[in-house]
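Colleague: Fold the following, please.
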Amino acid sequence: MLKHAGVFSSYADIWLLHGQRTPFVDYNGALAAVSPTDLGIHAARATLASAGIPAGDVGHVFAGNMAQASFDAYMLPRHIALYAGTDLTTPATLTQRVCGTGIELLLQAADRITLGQIALGLCVGAESMSRNPIAAYGHRGGFRLGQVEFKDFLWEALFDPAANVSMGDTAEKLARQYGIPREQVDRFAEASFHRALAAREAGFFDGELCAIDNCMFELAGYQPRRLKLAAGHGRVTTDSHLRPSPYAELARIRPAFGGVQTAGNSSAIVDGAAAALVASGDYRQQHHCAPLARIVAGAVIGVPPEIMGIGPAPAIRRLLQGSGLSLADIDRFEINEAFGAQCLAVMQELGLDHQRVNVNGGAIAIGHPLAASGLRLSITLARELQRCNGRFGIASACIGGGQGIALLLENPACG
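Modeller: Residues are numbered from 1 along each chain as shown. Alright, predicted model coming up:
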C-alpha cells in the first residue's frame with residue numbers, strides 16, 4: 001500500500017446511464033431568483049424523463065451543493081429526492097468536495113452499487129452563485145457597539161485562511177512556477193470560448209441541456225414548489241456566458257490578482273444544476289438501457305493548499321497508476337478550467353496536448369457552478385467519447401483547500 005497516495009477505487013460493472021444539465025447562466029441573470037433546490041429538482045426531473053427511467057427505481061439520491069443559498073437549504077437533498085418523484089422511502093444525502101463535488105457524487109453512487117446496497121443512484125449537483133448570502137457569524141448573542149460584521153459569503157469562500165491566499169492567488173503561484181505568461185493564458189481562454197461556441201453551433205450541447213422555464217413542482221400531500229425566473233427573463237435554453245472572445249479583447253482586461261489572471265480568462269461565475277443516473281450492470285441489462293459510459297475508476301488526492309490548482313495532475317497520475325493505463329491510452333480529457341493558468345500548469349505538468357483537452361470548451365466559457373461542474377465534465381466527456389469514437393476519457397478538477405479528483409470513463413462501444 002502506497003503511503004500518502006490518496007484514495008483510488010475501481011469498478012467492474014458500473015454505468016453512467018444518462019445525464020442532463022440546465023443551461024449555465026451568468027451571475028445575477030435569469031436564474032438569480034431560483035434556489036439551488038429547485039435547480040436540482042429541475043435537472044433531476046429532466047434526466048429521469050429524458051432517460052425514460054421511473055423515479056421509483058432510484059435507490060438513493062446523492063446531492064451536492066456548496067453555499068446555503070436558500071432558507072430551506074438543510075432540506076436540499078431530501079426535497080430534490082421527493083420532488084423528483086422518488087419513493088418516500090428513498091434516502092438522500094448531501095455531499096461537498098468543493099469544485100470536485102459532482103465527480104464525488106458519481107463515485108459515491110458507484111460505491112453504494114458495488115456494496116450491493118442499491119441498483120440505481122441519482123446524482124444531482126446544484127449551485128446558485130447569485131444567491132450566496134451576505135452573512136454574519138458570531139452575532140447570535142447580540143452586537144457590541146461598533147463590532148457588527150457582515151461579509152460576502154461568495155467572496156470570502158474564495159479565500160483560504162490556512163495558506164493565506166485567495167483561489168486566484170493560487171493560480172498566480174502556478175503561473176510563476178511553470179513560467180506561464182499572460183498571453184498564453186489569454187490564448188487558452190480564447191480557445192475555450194471558440195471551442196464552446198463551435199460546439200453549440202454544431203448542436204453538441206443539445207444532447208445534455210434541458211431548457212428551464214417558470215414552472216411548478218407538485219407533490220401529492222405536500223406543498224408545491226415554484227421555480228420562477230428573474231423578472232424580465234423568459235425561457236432559458238442555452239448557456240449565457242458564451243460569446244466571441246478574441247485574444248485582442250481578452251488582452252485588454254485588467255488583471256484581477258496582479259498577474260496573469262483576469263475576469264476574461266478565469267471560470268465564469270454562473271448558476272446551474274446537473275444530474276446523472278448511475279446503475280449496476282444488472283439494472284442496465286434488465287432495463288435494456290443504452291449507457292453513456294462505463295465508470296471504470298476514480299481517484300482523489302491532497303496537494304498543498306497554496307497551489308490547489310495543480311490537483312488534477314497527481315489525481316490523474318494516481319488514477320492511471322491504479323488502472324494500469326498510460327496518458328497515451330486516454331483519448332479525451334475534461335479538466336475543469338477554474339483558472340486559465342491553473343489548467344495550463346496541469347497540462348504542462350502532465351505533458352498533455354491541448355487537442356485532447358476540453359475540446360468543446362471549458363468553464364472559462366461555459367461557467368463553473370461549483371457543485372454541478374463535476375457532473376457537467378463527466379456528462380460532456382462521455383458524450384464526446386461517443387462522438388469521437390474514443391475509448392477512454394478522464395474528467396478531473398482541482399479543489400479549493402488543496403485536493404484533486406479524477407474519474408475514468410470508458411465508451412461502451414469500445415469496451
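
Colleague: I figured residue 157 was touching residue 67, is that so?
Modeller: Yes: applying Cβ atoms under 8 Å, one finds residue 157 in contact with residue 67, separated by 7.0 Å. Placement of C-beta: from N, CA and C, glycine included.

Colleague: Just say helix, strand or coil for the closest residue to residue 298 other than its chain neighbours.
Modeller: If you skip the residues right next to it in sequence, residue 298 has residue 107 as its closest partner in space, 4.3 Å away by Cβ to Cβ, 6 or more residues apart in numbering. Put simply, residue 107 is helix when judged by DSSP: H, G, I helix; E, B strand; the rest coil.

Colleague: and residue 107, how many neighbours?
Modeller: Neighbour count of residue 107, defined by other Cβ atoms under 10 Å: 27.

Colleague: So it versus residue 311, what's the distance?
Modeller: 15 Å (Cβ to Cβ, to the nearest Å).

Colleague: ditto for residue 143
Modeller: 40 Å.

Colleague: Show me which of the two is the more surrounded one.
Modeller: More crowded of residue 143 and residue 311, by other Cβ under 10 Å: residue 311, with 32 against 11.

Colleague: Just the pLDDT for the more buried one.
Modeller: Residue 311 carries a pLDDT score of 98 in this model.

Colleague: was I right about it contacting residue 400?
Modeller: No: Residue 311 is not in contact with residue 400 according to Cβ under 8 Å; the separation is 9.5 Å.

Colleague: so who does the residue nearest the centre of the chain touch?
Modeller: Geometric centre of the chain, nearest residue: residue 373, 1.3 Å, by Cα atoms, centre = their mean. Counting by Cβ atoms under 8 Å, 6 or more residues apart in numbering, residue 373 touches 99, 101, 102, 125, 336, 363, 397.

Colleague: Give me the subset of those lying in helices.
Modeller: 101, 102, 363 (DSSP state H).

Colleague: Most neighbours among the residues you listed, which one is it?
Modeller: Ranked by neighbour count (other Cβ under 10 Å), the ones in helices among the contacts of residue 373 have residue 102 at the top, with 34 neighbours.

Colleague: Surely that residue is in contact with residue 377?
Modeller: Yes: distance between residue 102 and residue 377: 7.0 Å, which falls inside the contact criterion (Cβ under 8 Å).

Colleague: remind me which residues of the protein are low pLDDT?
Modeller: 1-4 (pLDDT under 70).

Colleague: what about 90?
Modeller: For the chain, the stretches with pLDDT under 90 are 1-5, 67, 136-149, 156-157, 414-415.

Colleague: hang on, isn't residue 262 packed against residue 250?
Modeller: Yes: shown here, residue 262 and residue 250 form a contact pair, counting by Cβ under 8 Å, at 7.3 Å.

Colleague: what sits in contact with each of the two?
Modeller: Common neighbours of residue 262 and residue 250, counting by Cβ under 8 Å, 6+ apart, are residue 186.

Colleague: could you measure residue 26 against residue 357, distance?
Modeller: Applying Cβ to Cβ to residue 26 and residue 357 gives a distance of 24 Å.

Colleague: wait, residue 136
Modeller: Relative to residue 357, residue 136 is positioned 42 Å away (Cβ to Cβ).

Colleague: more neighbours, those two?
Modeller: residue 357 (21 against 12).

Colleague: List the beta-bridge partners for the more buried one.
Modeller: When bridges are called by DSSP bridges, residue 357 pairs up with residue 333.

Colleague: who's in contact with it?
Modeller: 332, 333, 334, 335, 343, 347.

Colleague: go again using 10 Å as the cut-off
Modeller: By Cβ atoms under 10 Å, 6 or more residues apart in numbering, the contact set of residue 357 is 188, 191, 332-335, 337, 343-344, 346-347, 350, 394.

Colleague: Any chance of those in TSV with neighbour count and distance to residue 76 as columns?
Modeller: What follows is the contacts of residue 357, written out as TSV (neighbours: other Cβ atoms under 10 Å; distance: Cβ to Cβ, whole Å):
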residue	neighbour count	distance to residue 76
188	24	34
191	21	35
332	25	32
333	27	31
334	28	26
335	27	28
337	30	26
343	33	30
344	27	35
346	27	31
347	22	35
350	18	35
394	31	29
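
Colleague: Give me the distance between the residue lying closest to residue 113 once chain neighbours are set aside and residue 57.
Modeller: Nearest-residue entry for residue 113: residue 280, 4.9 Å, with adjacent residues in sequence omitted and distances by Cβ to Cβ, 6+ apart. According to Cβ to Cβ, residue 280 stands 11 Å off from residue 57.

Colleague: Which neighbours do those two have in common?
Modeller: With Cβ under 10 Å, 6+ apart, residue 280 and residue 57 have common neighbours 118, 119, 120.

Colleague: any idea which element the first one lies in?
Modeller: In this assignment (DSSP states H and E), residue 118 forms part of neither any helix nor any strand.

Colleague: tell me, how many neighbours does it end up with?
Modeller: Neighbours of residue 118 under the rule other Cβ under 10 Å: 20.

Colleague: I figured it hits residue 277, correct?
Modeller: No: counting by Cβ atoms under 10 Å, residue 118 does not reach residue 277; the two are 11.5 Å apart.

Colleague: which SS class is the residue lying farthest from the centre of the chain?
Modeller: The outermost residue of the chain, judged against the average C-alpha position, is residue 145 (42.5 Å), by Cα atoms, centre = their mean. Here residue 145 is recorded as coil under three-state DSSP.
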